[in-house]
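K.L.:
Structural data only, the sequence is not supplied:
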């Protein structure tokens, strides 16, 4: 069966109190509409139509990485009117699935069930609410068949007591949907063309209306304000935590982890509190991550320990490294196996070979650091001359004393030693000792200045 998916994303979202179109507000670091589109793509439809309106150019720019057909709704006259805009491009032999750009967390499995209906059936996703205020009610006959949907503003007292409500998500044969949409009227409390009115037309035409229910209410929860957005963010966080624990990850506190992207984990991983993952992150076996750490677009090997309060971005960390506390690993950094990076060390766009130690208070930028190197406290690679970046090359088994400045471009040969407090501006040959400190002077009987009391 051929499918077209229509995603409605034209609303302004006035209750968000924002210049940003509602569907572009982020949930787990991805816009609401991108969540919807990611699921839609996995359904492998023949075409996805995005109906846009308010902030259209922003919406198109934010979704340009998807293969979409864009449909502009110049006048916002209701959900029925929005779907009408896409129908001229949809063939009669397609099933049409309607999704909403502000309902981000509908499960793929839920939608797949709706796609497995016979051709002459209308599928409708409904949910039962303890407090259904504000939603269109599902009205059924005595034999429990769906007869129509009544919107809240058009409902009488008896209909308002109904708990089963419409989510808006449906699948309809295109040939019938086209006909029913053309017959819609806007003689209702909101003077809009309701998509829900096609249900009664389907019933009158003798079409079967089959309803489905999601596993959780959050699957069909839309976002209309910041409170609802925060609630869904919390739910998404909880679902990610549960999925990780099912895979064998130990979370010190499942309520205090954020996964804003994709996280792949090996066995026996331990994650402490307040850890944030962004983008694509891969953790090997037996990785330990300390509290208050941020990891973004990074691959981390087996048996790595990351101590608290580290920031690691777009890096590759090989097996058995130890990082932190308070370390920052910046983009384009590769730490080979058994590298130790200590507190208040920053490494940027550098490769560090096996067994090297950069224990504390150092900056290594635009560098190639060899194996089994020891870099003392307070060492800085001076890689920037105010206009251009320059490279530092440090050979294997080099010892760099504390408080050293390596002024790039510069090369330190294998096995060389740099005395503490040195400023190195020229190449140091392999096995040599480089010292640049001034001779020490001692002045006897020195009297330190004393403040004059007022």
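P.N.:
That came through, no problem. The structure presented is a predicted model; accordingly, all values stated were derived computationally and were not measured.

K.L.:
quick one: residue 330 and residue 345 touch, right?
P.N.:
No - Residue 330 is beyond contact range of residue 345, at 11.1 Å (criterion: Cβ atoms under 8 Å). In short, each C-beta sits where N, CA and C put it, glycine included.

K.L.:
So which of those two has more stuff around it?
P.N.:
Per other Cβ atoms under 10 Å, whichever of residue 330 and residue 345 has more neighbours is residue 345, with 24 against 17.

K.L.:
ok, that one touching residue 360?
P.N.:
Yes - Residue 345 is in contact with residue 360 according to Cβ under 8 Å; the separation is 6.4 Å.

K.L.:
does residue 403 count as helix, strand or coil?
P.N.:
coil (DSSP: H, G, I helix; E, B strand; the rest coil).

K.L.:
Could I get the contacting residues of the residue lying closest to it once chain neighbours are set aside?
P.N.:
Setting aside the residues directly before and after it, residue 403 is nearest to residue 378 in space (Cβ to Cβ, 6 or more residues apart in numbering), at 4.3 Å. Counting by Cβ atoms under 8 Å, 6 or more residues apart in numbering, residue 378 touches 361-362, 402-404.

K.L.:
List only buried entries from those.
P.N.:
Buried by 16 or more other Cβ atoms under 10 Å: 361-362, 402-404, out of the contacts of residue 378.

K.L.:
who touches residue 435 in this structure?
P.N.:
418-419, 422.

K.L.:
who wins for most neighbours among those residues?
P.N.:
residue 418 (27 neighbours).

K.L.:
Return the set of residues that bridge with it.
P.N.:
residue 400, residue 434 (DSSP bridges).

K.L.:
My guess is it contacts residue 410. True?
P.N.:
No - using Cβ under 8 Å, residue 418 makes no contact with residue 410, being 10.6 Å away.

K.L.:
what sits in contact with each of the two?
P.N.:
By Cβ under 8 Å, 6+ apart, the residues touching both residue 418 and residue 410 are residue 424.

K.L.:
Just the buried positions in the one helix or strand residue 57 maps to, please.
P.N.:
Using DSSP states H and E, residue 57 sits within helix 56-62. By 16+ other Cβ under 10 Å, the buried positions in helix 56-62 come out as 56, 59, 62.

K.L.:
In contact with the second one, which residues are there?
P.N.:
Residue 59 sits next to 9, 21, 23-24, 33, 50, 52 when contact means Cβ under 8 Å, 6+ apart.

K.L.:
same check, this time on residue 391
P.N.:
366-368, 383, 408-409.

K.L.:
just residue 76 next, same as before
P.N.:
By Cβ under 8 Å, 6+ apart, the neighbours of residue 76 are 10-12, 53-54, 82.

K.L.:
Which of the contacts of residue 59 fall in helices?
P.N.:
Those of those mapping onto helices are residue 33, per DSSP state H.

K.L.:
show me where the stretch 51-200 of the chain has strands.
P.N.:
69-72, 94-100, 121-128, 137-140, 146-150, 164-173 (DSSP state E, counting those that start in this stretch).
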